[in-house]
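In: quick one, what's the 3D model for this:
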Amino acid sequence: MIHVRKADERGHFDHGWLDTYHTFSFADYYDPGSMGFRALRVINEDRVKPGHGFGTHSHRDMEIVTYVLEGSLAHRDSMGTGSVIRPGEVQRMSAGTGVLHSETNPSRDESVHFLQIWILPERRDIEPGYEQKAFPAAERKDHLRLVASHDGSDGSLTIHQDAKLFAGTLTDGKTITYELPKGRYAWLQVARGTVELNGQSLHAGDGAAIEDERTLNLRGDGEILLFDLN
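Out: All right, here's what the predicted structure looks like:
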């Protein structure tokens, strides 16, 4: 069964400096029928204007994954981490017992476009942690590249949840096939372009909750994130 969450069904706020879409309930957007999917709690698509960003604020008991599509995002946190995230790089921050951090667009003339993902951790009060890795475009072209997993396999980031996150870019209508293990669930998020999922057409911003489907056939021209969830 595949349930599509269309891009225009998401919560949307334009704050001037921030144009944001919420796939699931978040902050001032509340939809009791869209509170997350399995351990996946938040997918926010954000565009932040040059020189602006999110000032220092706190998080706890959440696995936060950031995926930059265009531009760059500067990160600072109370663990002493300072970094800039660019396209092809993925960041994981485990908030655990509590973290303060800020995220800003350091550019003077270019907006930053990114997805921020929150995944519920397997337990509370995990020691806070941070990782950032680059996954070259060649590894994601017409292929599902594992970028985050529970055990950090294949050079992926380590997340504290029984979940896998894949990133892929489909080109020229080529097909990627993913076999979903029995008893597992999946969420597909289309970041850019147009993708067919088992014959259903999805466009940028669309998401799909997947259950009781063993074989996922992905075809099209677009950039996707696929979550394999318990």
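
In: got a list of what the residue of the chain most remote from its centre touches?
Out: Ranked by distance from the centre of the chain (Cα atoms, centre = their mean), the top residue is Arg108, with 25.4 Å. Contact partners of Arg108, counting by Cβ atoms under 8 Å, 6 or more residues apart in numbering, are Pro50, Gly51. For glycine as for every other residue, the C-beta is placed from the backbone atoms N, C-alpha and C.

In: can you list the strands that the lengthiest strand in the chain pairs with?
Out: Ranked by residue count under DSSP state E, the longest strand found in the chain is strand 215-229. Here strand 215-229 is paired, per DSSP bridges, with strand 163-170 (antiparallel), strand 175-179 (antiparallel), strand 185-197 (antiparallel).

In: and the residue nearest to the spatial centre of the chain, how far from Gly36?
Out: Compute the mean C-alpha point of the chain, and by Cα atoms, centre = their mean the closest residue is Ile117, 4.2 Å away. Here Ile117 is placed at a distance of 11 Å from Gly36 (Cβ to Cβ, to the nearest Å).

In: which neighbours do those two share?
Out: Joint contacts of Ile117 and Gly36 (Cβ under 8 Å, 6+ apart) are Val42.

In: per-residue pLDDT, the closest residue to Gln200 other than its chain neighbours?
Out: Using Cβ to Cβ, 6 or more residues apart in numbering and skipping the chain neighbours, the partner closest in space to Gln200 is Ile2 (6.1 Å). Note for Ile2: predicted pLDDT of 97.

In: residues near Ile2, how many?
Out: The tally of other residues near Ile2 (other Cβ atoms under 10 Å) stands at 17.

In: can you pull the contacts of it?
Out: Contacts of Ile2 by Cβ under 8 Å, 6+ apart are Leu197, Asn198, Gln200, Ala208, Ala209, Ile210, Glu213.

In: show the buried residues in those.
Out: In the contacts of Ile2, burial by neighbour count holds for Leu197, Ala208, Ala209, Ile210, Glu213, counting by 16 or more other Cβ atoms under 10 Å.

In: the first one is in contact with Gln189, isn't it?
Out: Pointing back at Leu197 there. No. In this structure, Leu197 is not within contact of Gln189 by Cβ atoms under 8 Å, at 10.9 Å.

In: relative to Lys133, how far out is Gly53?
Out: Going from Gly53 to Lys133 by Cβ to Cβ gives 22 Å.

In: and those two? Which one has more around it.
Out: The neighbour comparison of Gly53 against Lys133 (other Cβ under 10 Å) goes to Gly53, with 19 against 15.

In: correct me, but that one touches Ser107?
Out: No. Between Gly53 and Ser107 there is no contact under Cβ under 8 Å: 10.6 Å.

In: would you list the contacts of Ile2 in CSV and tack on secondary structure?
Out: Formatted as CSV, the contacts of Ile2 follow (DSSP: H, G, I helix; E, B strand; the rest coil):
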residue, secondary structure
Leu197, strand
Asn198, coil
Gln200, strand
Ala208, strand
Ala209, strand
Ile210, strand
Glu213, coil
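
In: of these, which pair is most distant in space?
Out: Within the contacts of Ile2, Asn198 and Ala209 form the most distant pair, 13.0 Å apart (Cβ to Cβ).

In: still on that earlier bit, could I get the strands paired with strand 215-229 in CSV, plus columns for distance to His57 and mean pLDDT?
Out: Below are these laid out as CSV (distance: least, Cβ to Cβ, whole Å; pLDDT from 0 to 100):
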stretch, distance to His57, mean pLDDT
strand 163-170, 24, 98
strand 175-179, 35, 96
strand 185-197, 24, 98
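
In: how many neighbours does the nearest residue to His59 once chain neighbours are set aside have?
Out: Counting by Cβ to Cβ, 6+ apart, His59 lies nearest to Ala95, which is 3.8 Å off, once chain neighbours are set aside. Each residue near Ala95 was counted by other Cβ under 10 Å, and the total is 21.
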